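1. pasted the sequence and its predicted model underneath.
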Amino acid sequence: MIDVPGGRLHVVIDGTGPPVILCSGLGGRSFDWDDVASRLADRRVIRFDRPGVGGSPDDGEFPTVAGEARRIASVLTALRIDKADVVGHSMGGFYAEGFARLYPDRCGHLVLLDSSVPDQRPVLPRRWRLAVARAVASVARTKTGTFLAAVVREYVAYPELCNEIRQLRRDAPLPVATHVAMADTGRFSLLGRRWLRLQQDLSRELNAEFTVISPSGHRVMIDQPDAVAALFTA
């Protein structure tokens, strides 16, 4: 456990060498990366649980891209690391990209692993969605602990996260080498083709290298740890 602005975080550190920090997606936990970390013996691999998930106590707050980027920076500061490669999986891609844009001098290589794309706009007004989220999270916390409550808050905040990353792309440059890696289930479907198009568009927008990891489900770090580890050693 380490102390950072905003509370305490559960952090896992493996190995020695050039640091890389792994940022999970919605509901993702540090142990999801165990197989990847075991394949990066020549790297210092850092992963942490966001508040309410895994071993980190809940803070009851709705996430923002800037706030999560600041959390990544705070973890590195607490560990006395000036600069690290960073990877973001799924919704964690927003946070990793935000970190690279807001703290470019602290980010080496950026990897977006089957990252979310900002394609969702809110249907209900923000105050209604937040009220529903707080009510559901309160019930969830009573019945299941903090995990589901934290996941509900992050899920409901998704449209705002989309808007925030769009604004960051307009306002803050991305001066670091970037790699977009998409998980491919191998299924021929309209949904699969749309996801390929979205990931290719993301790669072009960010001027990033593009890779398809196949076959794999969305939790590609579990399905294809060797291929994921190769992204950090290339």
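-> Everything's here; your move.
2. contacts and neighbour counts: CA atoms only from here.
-> OK.
3. just give the nearest non-adjacent residue to the residue most central in space within the chain, would you?
-> The C-alpha lying nearest the average C-alpha coordinate of the chain belongs to residue 92 (Cα atoms, centre = their mean; 1.3 Å). Nearest non-adjacent residue to residue 92, counting by Cα to Cα, 6 or more residues apart in numbering: residue 25, 4.4 Å away.
4. and for the one you found, the neighbour number?
-> Neighbour count for residue 25, taken as other Cα atoms under 10 Å: 22.
5. start at 10 instead
-> Done: numbering now begins at 10, and the last item shifts to residue 34.
6. quick one: average pLDDT of the helix or strand that contains residue 163?
-> Using DSSP states H and E, residue 163 falls within helix 155-165. Averaging pLDDT along helix 155-165 yields 82.
7. circling back to that earlier point, tell me the SS of the residue nearest to residue 101?
-> Here residue 34 is recorded as coil under DSSP: H, G, I helix; E, B strand; the rest coil.
8. tell me if I'm right that it and residue 105 touch.
-> No: here residue 34 does not reach residue 105: they are 10.3 Å apart, not a contact under Cα atoms under 8 Å.
9. got the buried residues for stretch 82-90?
-> 82, 83, 84, 85 (16 or more other Cα atoms under 10 Å).
10. show the pLDDT at the first one.
-> The confidence metric pLDDT takes the value 97 at residue 82.
11. what about it, helix or strand, and which?
-> Residue-wise, residue 82 maps onto helix 74-87 under DSSP H and E.
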